[in-house]
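S.K.: Have a look at this fold, sequence not included:
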């Protein structure tokens, strides 16, 4: 895309902004709070010119078909755009924690916690959830022949 004309690049950038809404509920995929309406309009116009539906799913499909996105691209990472670099003061604080120069944060609930990191857990939160913190796993327990399984819910 870098070799394409500026208007084509802008259209594909708008298509990416629309396409990353594809995994949201239909009521949530019209506009995110910080998304300029004109970029979504640009994306929908681009789709209309290609005789495609003007939906986030159609935008995502084109981006996958053209090889710009992989079929398993994490749309939440694109939509939420989490920081990948941190301020020097935050980086220093993290380095100090890792190196032991700063006392670790005390976990007041440590005695009540059970380590479940050995279990395969599957998130069950809504696609639009901001804090992914609900999960299910299945742990096969020794039984007396009744085949009872324990489905823990992680919160």
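M.R.: Received it, and whenever you're ready, just let me know what you need. Since this is a predicted model, take the numbers as computed values, not measurements.

S.K.: which ones are touching the closest residue to residue 58 other than its chain neighbours?
M.R.: In this structure, residue 58 finds its nearest non-sequential neighbour in residue 52, 4.6 Å apart by CB to CB, 6 or more residues apart in numbering. Yep, even glycine has a C-beta here, placed from its N, CA and C like the rest. Taking CB atoms under 8 Å, 6 or more residues apart in numbering, we find residue 52 in contact with 58, 61, 62.

S.K.: what do you get if the cut-off is 10 Å, keeping everything else the same?
M.R.: By CB atoms under 10 Å, 6 or more residues apart in numbering, residue 52 lies in contact with 44, 46, 58, 59, 61, 62.

S.K.: neighbour-wise, which of those residues leads?
M.R.: residue 59 (28 neighbours; other CB atoms under 10 Å).

S.K.: And for the closest residue to that residue other than its chain neighbours, the neighbour number?
M.R.: When the adjacent residues along the chain are set aside, residue 59 lies closest to residue 19, with 3.6 Å between them (CB to CB, 6+ apart). Residue 19 has 28 neighbours, counted by other CB under 10 Å.

S.K.: Over to the one 3 residues further on?
M.R.: Residue crowding around residue 22 was assessed by other CB under 10 Å; the count is 20.

S.K.: any idea of the pLDDT on residue 2?
M.R.: For residue 2, the pLDDT comes out at 78.

S.K.: wait, doesn't it sit right on residue 68?
M.R.: No - counting by CB atoms under 10 Å, residue 2 does not reach residue 68; the two are 11.8 Å apart.

S.K.: If you count surrounding residues, which of the two has more?
M.R.: Each of residue 2 and residue 68 has its neighbours counted (other CB under 10 Å); residue 68 has more, 14 against 4.

S.K.: tell me the contacts of that one?
M.R.: 1, 12, 15, 16, 19, 62.

S.K.: which secondary structure element contains it?
M.R.: Of the helices and strands defined by DSSP states H and E, none includes residue 68.

S.K.: ok, now how distant is it from residue 74?
M.R.: Residue 68 sits at a distance of 14 Å from residue 74 (criterion: CB to CB, to the nearest Å).

S.K.: Also residue 100?
M.R.: 34 Å.

S.K.: Where does the prediction get shaky in this protein?
M.R.: By pLDDT under 70, the low-scoring segments of the chain are 26-36, 140-155.

S.K.: got the contact list for residue 87?
M.R.: Contacts for residue 87 were tallied using CB under 10 Å, 6+ apart; they are residue 93.
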